[in-house]
Structure formats: C-alpha cells, structure tokens
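K.L.:
sequence plus the predicted model coming up.
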Amino acid sequence: MIKLYGSPMSRAARCLWTLEELELQYEHVPVVPSAETRTPEFLKINPNGHVPALEDDGKVYWESLAINLYLAEKYGQGKLWPASVVDHGYCYQWSFWAITEVEPHLIAIVKNRVALPPEQRSEEAAKAAEEALKAPSKVIDDYLAGREYLGKTFTIGDLNVASVYSLALFGRVDLSSYLNLNAWLQRCLSRPAQQRVAGMKK
Ligand SMILES: N[C@@H](CCC(=O)N[C@@H](CS)C(=O)NCC(=O)O)C(=O)O
C-alpha cells in the first residue's frame with residue numbers, strides 16, 4: 001500500500017491533497033518535522049531528514065512536488081495528469097516555477113511572521129520577501145486573465161502551484177490586488193479534496 005510520511009502541518013499536505021484528489025488508498029504516517037525526521041530510522045527513508053516522503057511499490061520518493069507529479073502520472077491519467085506531452089510540459093514548468101520563483105519568498109515571510117521564535121522574527125525581512133514576491137505574482141496573475149486554470153482543466157500543475165501559494169495564508173500576505181491569482185487560488189483551495197486535508201490540521 002502507498003505510505004505517505006509527514007504531518008499535515010508540513011509540506012506533506014501537498015501530497016495528501018494529491019492522494020485525496022485521486023481517491024487512493026494510503027497509509028498516512030504523520031511524522032513531525034524536525035523532531036521525528038532526524039532519527040536513524042527516518043534518515044533511511046529520506047536522507048535529507050525532510051518530509052514528505054512517499055513509499056510505493058517498494059520504492060521511496062521525496063520532494064513534495066516531484067511526488068505529486070509521480071502520483072499524477074501513475075494514478076491520475078485523465079484526471080490530474082493531462083493527456084498531451086505539451087500539457088505535461090506546462091505541469092513541469094509551473095511546478096518548477098513555483099518551487100524556485102515563489103516558495104523561497106513565501107517561506108521567508110512565514111518564518112519571519114509565524115514560524116521563528118518571536119525574538120528571531122524580522123518584519124523587515126518579511127516585507128522584503130513580500131516585495132520580491134510581486135514579480136512572480138504578476139506573472140501568474142497576467143497568465144490567469146480569462147482562464148479558470150493553468151491548463152484546460154484542473155491538473156497537478158494547478159495543485160502544485162496552489163499548494164505553494166497557500167503559504168500566503170499562513171504568512172498573512174494580501175493577494176487581493178491580484179484579482180486573477182486570488183480567484184484561482186480560492187477556486188483551487190475550495191476543492192473538496194483540499195478541504196479534507198485542511199480538516200486533518202485541526
Ligand atoms: N523541498 C522539499 C522541502 C522539504 C522540507 O523542508 N520539509 C520540512 C517540513 S515542511 C522538513 O521536513 N523539515 C524538517 C527538518 O528540516 O528538520 C520538499 O518540497 O519536499
């Protein structure tokens with residue numbers, strides 16, 4: 001059986017969302033970062049000491065968005081995984097874009113507003129990251145004008161990018177001036193599968 005390691009409060013939530021969208025049977029092991037990810041047992045699963053990690057058919061995979069692309073291609077044909085190679089290209093493009101151009105800024109904001117001990121937080125650093133987030137946010141906002149999703153339908157590309165942008169909610173980032181991005185994000189996050197994952201956090 002598929003086994004997913006990682007607390008729903010971590011980046012494992014991204015993979016839980018995919019598993020729920022695909023209505024797959026899976027075992028969830030809610031390993032807590034960093035307390036439980038640096039043990040010798042867990043380092044055998046992911047030598048980086050990070051969650052999520054996925055076990056499937058005797059193989060182990062890590063990196064949240066890569067796990068999602070793998071799950072979508074293997075189990076989501078005609079659902080999260082589009083039919084054409086052209087559209088696969090766009091799923092890779094938007095996923096890699098989210099993890100390189102967007103996530104670092106959102107992580108800096110979340111750390112400096114929420115995650116770090118209060119005495120280590122810097123609102124100045126959070127504001128600088130918010131400023132840096134403006135350029136990629138304009139790119140996706142412009143792209144989404146007149147579109148419901150990044151592709152023709154909701155795919156793993158949308159799920160990956162929306163799961164990264166959902167960090168904006170934790171970091172109290174106001175995206176309301178990006179009308180298309182904001183509406184698309186709400187559309188993605190209101191999906192029943194994502195709502196089930198949100199419920200796991202309570
Ligand atoms: N690029 C990796 C990052 C994974 C990552 O840093 N996960 C955090 C939790 S959200 C973690 O496991 N931290 C534990 C630690 O670094 O000790 C991914 O997207 O899977």
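P.N.:
That came through, no problem. Numbers count the residues shown, from 1 in each chain.
K.L.:
what residues does this protein put near the ligand?
P.N.:
10, 11, 33, 34, 37, 38, 49, 50, 51, 52, 63, 64 (CB under 6 Å from any ligand atom). Where C-beta positions appear, they are placed from N, C-alpha and C, glycine not excepted.
K.L.:
so which elements touch the host helix or strand of residue 18?
P.N.:
Using DSSP states H and E, residue 18 sits in helix 12-21. With contacts taken as 3 or more CB pairs under 8 Å, 6 or more residues apart in numbering; DSSP states H and E, helix 12-21 sits against strand 2-5, helix 64-75, helix 156-165, helix 192-200.
K.L.:
now the second one: buried residues?
P.N.:
It stands for helix 64-75. Judged by neighbour count (16 or more other CB atoms under 10 Å), helix 64-75 contains these buried residues: 64, 65, 66, 67, 68, 69, 70, 71, 72, 75.
K.L.:
give the contact list for residue 168.
P.N.:
Residue 168 sits next to 106, 109, 175, 185 when contact means CB atoms under 8 Å, 6 or more residues apart in numbering.
K.L.:
pretty sure it is in a helix, no?
P.N.:
Yes. Checked against DSSP: H, G, I helix; E, B strand; the rest coil, residue 168 lies within a helix.
K.L.:
wait, doesn't residue 201 sit right on residue 13?
P.N.:
Yes. Counting by CB atoms under 8 Å, residue 201 does reach residue 13; the two are 7.4 Å apart.
K.L.:
neighbour-wise, which of these two wins?
P.N.:
Ranked by neighbour count (other CB atoms under 10 Å), residue 201 and residue 13 place residue 13 first, with 20 against 10.
K.L.:
can you spell out the domain ranges of the chain, please?
P.N.:
When the chain is parsed with automatic domain parsing, its domains come out as 2-79, 85-195.
K.L.:
Throw those domains into TSV and include mean pLDDT, thanks.
P.N.:
Output for the domains of the chain, formatted as TSV (pLDDT from 0 to 100):
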stretch	mean pLDDT
domain 2-79	97
domain 85-195	98
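K.L.:
what are the boundaries of the helices in the chain?
P.N.:
Ranges of helices in the chain, per DSSP state H, are 12-21, 40-45, 64-75, 85-97, 103-110, 123-143, 156-165, 167-170, 179-189, 192-200.
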